[in-house]
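> Dropping a prediction and its sequence here:
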Amino acid sequence: MRRLAFLIALVVLISSPAFGQSRPRGRQYNKGEIERIIKRLEQNTDAFKKAVDRQLDHSVLDGTRQEDRINDRVSDLERATDRLRNRFDRSDDWSDTRADVENVILEARNIHGLFGRVRAYSRVSSNWAAVRSDINTLAALYRLRGVR
């Protein structure tokens with residue numbers, strides 16, 4: 001009977017929506033830890049922007065409206081990241097910047113959608129993976145849905 005109860009509990013746990021999600025439950029993060037993640041995100045976003053610009057300048061999209069739109073979206077993400085960093089630095093409580101993290105996630109989703117339509121080069125892809133990882137880490141800390 002105990003085995004059956006254990007199996008039922010295990011099946012319920014595994015089938016619950018929270019199982020397997022990478023949310024840092026039960027751990028408290030301090031402002032310094034979050035600050036390091038945001039700083040790394042800012043640096044990775046800058047590197048991503050440079051890689052995209054360099055790659056587009058050597059592609060068939062160079063000088064086109066599509067290149068401008070891609071650069072605009074990447075710049076929007078960079079500005080959202082900069083705003084997050086500035087507001088985070090001025091805030092006493094890291095959770096006050098939840099809306100700014102949501103904005104970064106929204107801008108990242110706009111960029112993530114580009115990769116289905118634009119050929120992703122290896123350098124750009126690796127830079128994007130780093131940015132996306134940082135954003136998803138922040139999303140988990142702020143209990144938001146990340147970029148899939």
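Now that the structure is in, tell me what you want to look at. Numbering: from 1, shown residues only.
> Name the next helix or strand following the helix or strand bottoming out on mean pLDDT in the chain along the chain.
Using mean pLDDT, DSSP states H and E, the weakest-scoring helix or strand in the chain turns out to be helix 2-15, at a mean of 40. Using DSSP states H and E, the helix or strand that follows helix 2-15 in sequence is helix 31-57.
> buried sites along that next one?
By 16 or more other Cβ atoms under 10 Å, the buried positions in helix 31-57 come out as 34, 38, 41-42, 44-45, 48-49, 51-52, 55-56. For every residue, glycine as well, the C-beta is placed using N, CA and C.
> where in this protein is pLDDT low?
For the chain, the stretches with pLDDT under 70 are 1-27, 115-121.
> If we use 50, what do you get?
2-23 (pLDDT under 50).
> of all the buried residues of helix 31-57, which comes closest to Asp93?
Distance to Asp93, by Cβ to Cβ, is smallest for Ile34 among those, at 10.4 Å.
> how much space between the residue lying closest to the closest one once chain neighbours are set aside and Thr45?
Among residues not flanking Ile34 along the chain, Trp94 sits closest, at 4.6 Å (Cβ to Cβ, 6 or more residues apart in numbering). The spacing between Trp94 and Thr45, counted by Cβ to Cβ, to the nearest Å, is 19 Å.
> OK, contacts around the residue nearest to Ile34?
Under the criterion of Cβ atoms under 8 Å, 6 or more residues apart in numbering, the neighbours of Trp94 are 29, 31, 34-35, 88.
> go again using 10 Å as the cut-off
Trp94 makes contacts with 29-35, 38, 88, 101, 141-142, as judged by Cβ atoms under 10 Å, 6 or more residues apart in numbering.
> Next: Arg79.
Arg79 is in contact with 45, 103-104, 107, counting by Cβ under 10 Å, 6+ apart.
> I'd like the secondary structure assignment at Arg143, please.
Under DSSP: H, G, I helix; E, B strand; the rest coil, Arg143 falls in the coil class.
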